[in-house]
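Chemist: My questions concern the predicted model and sequence given below.
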Amino acid sequence: MDSYGCINWRPTALPEGETTESLETKRQTMSAVFRSAGPQAIELTDVDEFMALMYIYQRHMINSWPAPTMCEIEEQWPFLFTKRGLCTQFHTLTGIEASITLEMIQRFFVRINPDVGTKCTTILGTSRKTGSAVKRKVESISSRVTTFLQRLTEFEWKTSN
């Protein structure tokens, strides 16, 4: 484990046969593809391969000090601001499937059932164990978590739509 629960926080070894210069050339190519084809270019198989190949280069920029702004990261790595790009980055960084994590956030923090798209508003529920009526626990959520969730829900994902 590297840092903050991540398994690949600060990778150190460049991919075989690659240099910082060759990775920068690939990054520029990917930025040009995004500018010309837009977010739907994420569906091209080469994009996934390039993103995986350039992961170390991405992390070095993201982990640098002083930290880059979100605008700088978006300018350099526009595919990270697509849902697929972010989910792939999250999986490489943590080893956890982002779709599972997003479902957990929906179910437990925002109280949305992602299967049917409805929000749970009831105070009483039925225990799965006993079948009896139970009152839902009301827990306060850390302000950092609520701020994160607010920003996540307000974020305008770049999509092909």
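Modeler: Great, that's in hand.
Chemist: only C-alpha atoms for contact and neighbour calcs from this point on.
Modeler: Will do.
Chemist: Now do the contacts for residue 11.
Modeler: Listed by C-alpha atoms under 8 Å, 6 or more residues apart in numbering, the contact partners of residue 11 are 56, 59.
Chemist: Three-state assignment for it, please.
Modeler: With DSSP: H, G, I helix; E, B strand; the rest coil as the basis, residue 11 sits in coil.
Chemist: Quickly note the distance from it to residue 31.
Modeler: 22 Å (C-alpha to C-alpha, to the nearest Å).
Chemist: correct me, but residue 12 touches residue 56?
Modeler: Yes: counting by C-alpha atoms under 8 Å, residue 12 touches residue 56, with 7.0 Å between them.
Chemist: Compare these two (neighbour count), which wins?
Modeler: The neighbour comparison of residue 12 against residue 56 (other C-alpha atoms under 10 Å) goes to residue 56, with 21 against 11.
Chemist: tell me which strands and helices the host helix or strand of that one is in contact with?
Modeler: Per DSSP states H and E: residue 56 is located in helix 55-62. Packing partners of helix 55-62 (3 or more C-alpha pairs under 8 Å, 6 or more residues apart in numbering; DSSP states H and E): none among the helices and strands.
Chemist: Sort out which residues of that helix are buried, please.
Modeler: Of all the residues in helix 55-62, those buried under the rule 16 or more other C-alpha atoms under 10 Å are 55, 56, 57, 58, 59, 61, 62.
Chemist: Quick check: closest non-adjacent residue to the fifth one.
Modeler: Read that as residue 59. Leaving aside its sequence neighbours, residue 59 sits nearest to residue 10 (C-alpha to C-alpha, 6 or more residues apart in numbering; 6.5 Å).
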